[in-house]
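*Asks:* Sequence and predicted structure, then a few things I'm wondering about:
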Amino acid sequence: MGDKVEKYEIGVSYVGDDVVASALSTPGAMQRGGIAFHALSDTMPHMVWSMLPDGRVDYFNDRWYDFTGLPVAAEGDEAAGDAGAQWIEAMHPDDRERAGRLLRESLATGEPFEDEYRRQHHKGGYRWVLGRALPIVNSDGETLRWIGTCTDIDDAKRIAEHNEILSRELSHRIKNIFAVISGLIGMTARANESFRGLARDLQNRIAALGRAHEFVRPHGPDSRPERIAVTLHGMLEQIFASYPAFGDGRLTIAGEDMEIDSRAATPVALVFHELATNSMKYGALSVDAGRVDIAIAGEGDDMVFHWRESGGPAVAGAPSDEGFGSRLTELAVRQQLGGEFEKHWLPEGLAMTMRARRDRLTE
């Protein structure tokens, strides 16, 4: 800029970069920022504030005074600074220490500040706000001041909490439905001995669906199972958790991982439950030395799953009738996941390659 006088829309003239830096770091600079600056700040739906590098607040916009009900500070930093102290004091006691610590860390490091906390409203009670702040720095990297906003997010918080309660209730009812269906199948099997084998298979499939549902259903911070991510690896680990071979390290999952949507969880869970169950009955997992290795890889628009069995009973060839499980796999893979699969009955065990469209797994 040199010595050229620059005119700004906020109605303030500065001469040279040093003067700009000096003005920005001067207490009360934002209070004297000009008509246009105040109009812009006061028309925003957020509370806007300004802080000096030493932590003194020297500006609040009208939205802040509307929220707090405090009298508008006069020009200069003293009154606004007092209001800044009141802002900290009016935080909910459970949030005050954390928010203050995060703000002090930002002031010390220059890193952006962001936190959600409760702040006392002038009508009484506390409301959740989202606080954010960024530093204004000069060419030498020195912080001249901080500009921050506070956004009232209390209504959004309450809606999210309400939705979480509804989600938990719906999930509880769905799990009860699974239990009722499984119970009805068991009652039918006890009355019809010829149905018992099929009934066990059907109950196992329902149990697999129940585990998949619990894994992918919407969770809040308090309801999500620990150490579980909504990914392919995480879901398969949940499905296989009840299989002894998984705990023994003879059923492994490796390769690429990705997030999975709730609508894709059911077909994926059914396919791999069928494969694991059949392997335990007739394949590699039916003997102590057998193992299954699953490898997942991304190829363009597809995710490719490789299922490899080894160490089990010798395989003479494909079974003459693969039954309902094969029809279920075909329905799940081709119609629900938009993919294809191939089975190869090798002497050492089943080798299956399955393709699924990425967008079907995440939509």
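*Replies:* Structure's in. What do you need?
*Asks:* all contacts plus neighbour counts: C-alpha atoms, from now on.
*Replies:* Noted.
*Asks:* Check the average confidence over stretch 184-204, would you?
*Replies:* Averaging pLDDT along stretch 184-204 yields 77.
*Asks:* Residues contacting that stretch, please?
*Replies:* When contacts are defined by CA atoms under 8 Å, 6 or more residues apart in numbering, stretch 184-204 is touched by residues Ser182.
*Asks:* And that stretch, what's buried?
*Replies:* Across stretch 184-204, burial judged by 16 or more other CA atoms under 10 Å covers Ile185, Gly186, Ala189, Arg196, Ala199, Leu202, Gln203, Asn204.
*Asks:* Columns secondary structure on top of the residues you listed, output as JSON lines?
*Replies:* JSON lines is the format used below for the buried residues of stretch 184-204 (DSSP: H, G, I helix; E, B strand; the rest coil):
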{"residue": "Ile185", "secondary structure": "helix"}
{"residue": "Gly186", "secondary structure": "helix"}
{"residue": "Ala189", "secondary structure": "helix"}
{"residue": "Arg196", "secondary structure": "helix"}
{"residue": "Ala199", "secondary structure": "helix"}
{"residue": "Leu202", "secondary structure": "helix"}
{"residue": "Gln203", "secondary structure": "helix"}
{"residue": "Asn204", "secondary structure": "helix"}
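*Asks:* Put together TSV for the residues you listed, with distance to Pro347 on each row.
*Replies:* Listed next are those as TSV, based on distance: CA to CA, whole Å:
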residue	distance to Pro347
Ile185	37
Gly186	37
Ala189	36
Arg196	32
Ala199	31
Leu202	29
Gln203	31
Asn204	28
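*Asks:* Out of the residues you listed, which is nearest to Ala245?
*Replies:* For those, the closest approach to Ala245 (CA to CA) belongs to Asn204, at 16.5 Å.
*Asks:* With Gly186 as the reference, measure out to the closest one.
*Replies:* Asn204 sits 11 Å away from Gly186 when distances are taken as CA to CA, to the nearest Å.
*Asks:* List the buried residues in stretch 91-105.
*Replies:* For stretch 91-105, using 16+ other CA under 10 Å, the buried residues are Met91, His92, Arg96, Ala99, Leu102, Leu103.
*Asks:* buried ones in stretch 270-285?
*Replies:* The neighbour-count check on stretch 270-285 (16+ other CA under 10 Å) flags 270-277, 279-280, 283-285 as buried.
*Asks:* Name the residues that touch it?
*Replies:* Contacts with stretch 270-285, where a contact means CA under 8 Å, 6+ apart, come from 205, 208-209, 236, 239-240, 245, 286-287, 290-292, 309-313, 325, 328-329, 332-333, 349-350.
*Asks:* Next: stretch 97-115.
*Replies:* Surrounding stretch 97-115, the residues in contact under the criterion CA under 8 Å, 6+ apart are Pro53, Asp54, Gly55, Ile88, Tyr117, Leu130, Gly131, Arg132, Ala133, Leu134, Pro135, Thr143.
*Asks:* I'd like those written out as a markdown table, with neighbour count added.
*Replies:* Below are those laid out as a markdown table (neighbours: other CA atoms under 10 Å):
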| residue | neighbour count |
| --- | --- |
| Pro53 | 18 |
| Asp54 | 13 |
| Gly55 | 15 |
| Ile88 | 16 |
| Tyr117 | 22 |
| Leu130 | 16 |
| Gly131 | 20 |
| Arg132 | 17 |
| Ala133 | 21 |
| Leu134 | 19 |
| Pro135 | 22 |
| Thr143 | 21 |
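*Asks:* can you tell me which residues contact the closest residue to Trp146 other than its chain neighbours?
*Replies:* Closest residue in space to Trp146, ignoring its immediate chain neighbours: Pro135 at 4.4 Å, by CA to CA, 6 or more residues apart in numbering. Neighbouring residues of Pro135 by CA under 8 Å, 6+ apart: Gly110, Glu111, Pro112, Thr143, Leu144, Arg145, Trp146, Ile147.
*Asks:* Out of the residues you listed, name the ones that lie in strands.
*Replies:* Thr143, Leu144, Arg145, Trp146, Ile147 (DSSP state E).
*Asks:* which one of these is nearest Asp154?
*Replies:* Ile147 (22.2 Å).
*Asks:* Which secondary structure element is home to the nearest residue to the closest one once chain neighbours are set aside?
*Replies:* Leaving aside its sequence neighbours, Ile147 sits nearest to Ser50 (CA to CA, 6+ apart; 4.7 Å). Ser50 is located in strand 47-51, with elements delineated by DSSP states H and E.
*Asks:* Quick one: name whatever helix or strand follows that strand.
*Replies:* strand 57-60.
*Asks:* need the next SSE after that following strand, C-terminal direction.
*Replies:* That would be, after strand 57-60 and using DSSP H and E, helix 62-68.
*Asks:* hang on, the earlier thing: within the sheet, what are the partner strands of the helix or strand hosting the residue nearest to Trp146, with directions?
*Replies:* Element membership of Pro135, judged by DSSP H and E, is strand 126-137. Here strand 126-137 is paired, per DSSP bridges, with strand 113-120 (antiparallel), strand 143-152 (antiparallel).
*Asks:* and the angle from that strand to strand 47-51?
*Replies:* 40 degrees (axes from the mean of the first three to the mean of the last three CA atoms, to 10 degrees).
*Asks:* got the CA positions of strand 126-137 in PDB?
*Replies:* Written as PDB, here are the backbone C-alpha positions of strand 126-137 (Å, rounded to 0.1, in the frame of the first residue of the first chain):
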ATOM      1  CA  TYR A 126     -29.700 -22.100  29.200                       C
ATOM      2  CA  ARG A 127     -29.500 -22.500  25.400                       C
ATOM      3  CA  TRP A 128     -26.900 -24.400  23.400                       C
ATOM      4  CA  VAL A 129     -24.700 -22.200  21.200                       C
ATOM      5  CA  LEU A 130     -21.900 -23.100  18.700                       C
ATOM      6  CA  GLY A 131     -18.900 -20.800  19.200                       C
ATOM      7  CA  ARG A 132     -16.300 -20.300  16.500                       C
ATOM      8  CA  ALA A 133     -13.400 -17.900  16.200                       C
ATOM      9  CA  LEU A 134     -10.600 -17.200  13.700                       C
ATOM     10  CA  PRO A 135      -7.500 -15.000  14.200                       C
ATOM     11  CA  ILE A 136      -6.600 -12.100  11.900                       C
ATOM     12  CA  VAL A 137      -2.800 -12.200  11.400                       C
END
